[in-house]
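Novice: Here's my sequence, what's the structure:
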Amino acid sequence: QRSRMQSVPGDDIEITMRLDFNEACFGVAKDISFTRIEKCATCSGSGAKPGSSKKRCTKCGGSGTITVNQRTMFGTMQTTRTCDMCNGAGEIIDVPCSDCSGKGRVRKARTIKVNVPAGVDDGQILTMRGEGSASLTNGANGNLIILFSVRPHVLFKREGVNLYLDLPITFLQAVLGAKIDIPTLKSPVTVDIPEGTQSGTMIRVKGSGVKHLRKDSYGDLFVRVIIDIPRSISHKQKKSNS
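Specialist: Numbering: from 1, shown residues only. Next up, the predicted model:
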């Protein structure tokens, strides 16, 4: 029973980190603050006042468990339970530590730097092992689980590693063709609008998307052409069309 108690890890801590669109695409180092349970530095987690010692529990004899006999209609039933005097520790603190009141654990505020990898997406998580709360027994620390919340971009829409951009063009540009500069995550590029381009046409700009999270390659940027048809035309345009 005591061995099982010692192997119980500390609690995980979940926290949300908000990122700008570019921070998620390119990666960033950010500080994050949270509170966690840690071993008391004064007593090194023992719960006993420095210089004092623990005593063997007199109720369980140091085993951490007690045997209870219960009479039932089928006879006497024997069960093993955690000792209620030492809570399974097998030892009793004689003089408790003044800083943790004998608990051996204290709550502390912490700030750590998180290296956010390039390519994370909204809703993904990053697990930092051992950065959670300390075990209440002698188990391993829990984990710090970071949930990413990414703010949307004013121009781009993201699907996985690919980006999508709506590009309004004039009717004449669609008919005659044109070369137009468009924004990307890094720097503007020029796309070629062929003659007779139809509204809804998708133009692919290879490698101008988001970096893959686990490999050194990038997605693509897909530009959707939207033809801006004028609501009215001038008298000169009408006359030239007649």
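Novice: Any stretches of the chain with poor pLDDT?
Specialist: In the predicted model, the chain carries pLDDT under 70 at residues 1-7, 73-75, 231-242.
Novice: any idea where the helices of the protein begin and end?
Specialist: 2-6, 21-26, 171-176, 235-241 (DSSP state H).
Novice: quick one: the second one to chain centroid distance?
Specialist: Taking C-alpha atoms, centre = their mean, to the nearest Å, one finds helix 21-26 lying 14 Å from the centre of the chain it belongs to.
Novice: List the contacts of the residue nearest to Cys43 when sequence neighbours are not counted.
Specialist: Distance criterion C-beta to C-beta, 6 or more residues apart in numbering; nearest residue to Cys43, sequence neighbours excluded, is Cys97 at 3.9 Å. Every residue, glycine included, has its C-beta placed from N, CA and C. Residues in contact with Cys97, defined by C-beta atoms under 8 Å, 6 or more residues apart in numbering, are 40, 42-43, 46-50, 104.
Novice: can you put these in CSV and add neighbour count and distance to Lys30?
Specialist: Below are these laid out as CSV (neighbours: other C-beta atoms under 10 Å; distance: C-beta to C-beta, whole Å):
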residue, neighbour count, distance to Lys30
Cys40, 21, 29
Thr42, 15, 32
Cys43, 23, 34
Ser46, 20, 36
Gly47, 22, 36
Ala48, 22, 39
Lys49, 17, 40
Pro50, 12, 38
Gly104, 23, 32
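Novice: nearest to Gln173, of the residues you listed?
Specialist: Gln173 lies nearest to Cys40 out of the contacts of Cys97, by C-beta to C-beta, at 70.8 Å.
Novice: That closest one is in contact with Val106, isn't it?
Specialist: Yes: Cys40 is within contact range of Val106, at 5.1 Å (criterion: C-beta atoms under 8 Å).
Novice: Need the residues touching each of the two.
Specialist: What both Cys40 and Val106 touch, as defined by C-beta under 8 Å, 6+ apart, is the set 99-100.
Novice: so what's the closest residue to Leu147 other than its chain neighbours up against?
Specialist: With sequence-adjacent residues excluded and distances taken as C-beta to C-beta, 6+ apart, Leu147 is closest to Thr16, at 4.8 Å. For Thr16, the contact set (C-beta under 8 Å, 6+ apart) comprises 146-149.
Novice: Could you report the distance from Thr16 to Gly10?
Specialist: Using C-beta to C-beta, to the nearest Å, Thr16 is found at 20 Å from Gly10.
Novice: what do you get for Ser135?
Specialist: 4 Å.
Novice: same check, this time on Cys97
Specialist: Using C-beta to C-beta, we find Cys97 at a distance of 19 Å from Gly10.
Novice: Next: Ile229.
Specialist: Taking C-beta to C-beta, one finds Ile229 at 63 Å from Gly10.
Novice: who's more crowded, these two?
Specialist: For the pair Ile229 and Gly10, the greater number of neighbours falls to Gly10 (22 against 9), based on other C-beta atoms under 10 Å.
Novice: Go ahead and confirm the more buried one touches Ala140.
Specialist: Yes: using C-beta under 8 Å, Gly10 is in contact with Ala140, at 7.1 Å.
Novice: ok, Gln124 - contacts?
Specialist: Gln124 is in contact with 147-148, counting by C-beta under 8 Å, 6+ apart.
Novice: one more time with 10 Å
Specialist: Residues near Gln124 by C-beta atoms under 10 Å, 6 or more residues apart in numbering: 24, 117, 146-150, 213.
Novice: Surely Arg18 is in contact with Val116?
Specialist: No: when contacts are counted by C-beta atoms under 10 Å, Arg18 is not listed as touching Val116 (11.1 Å).
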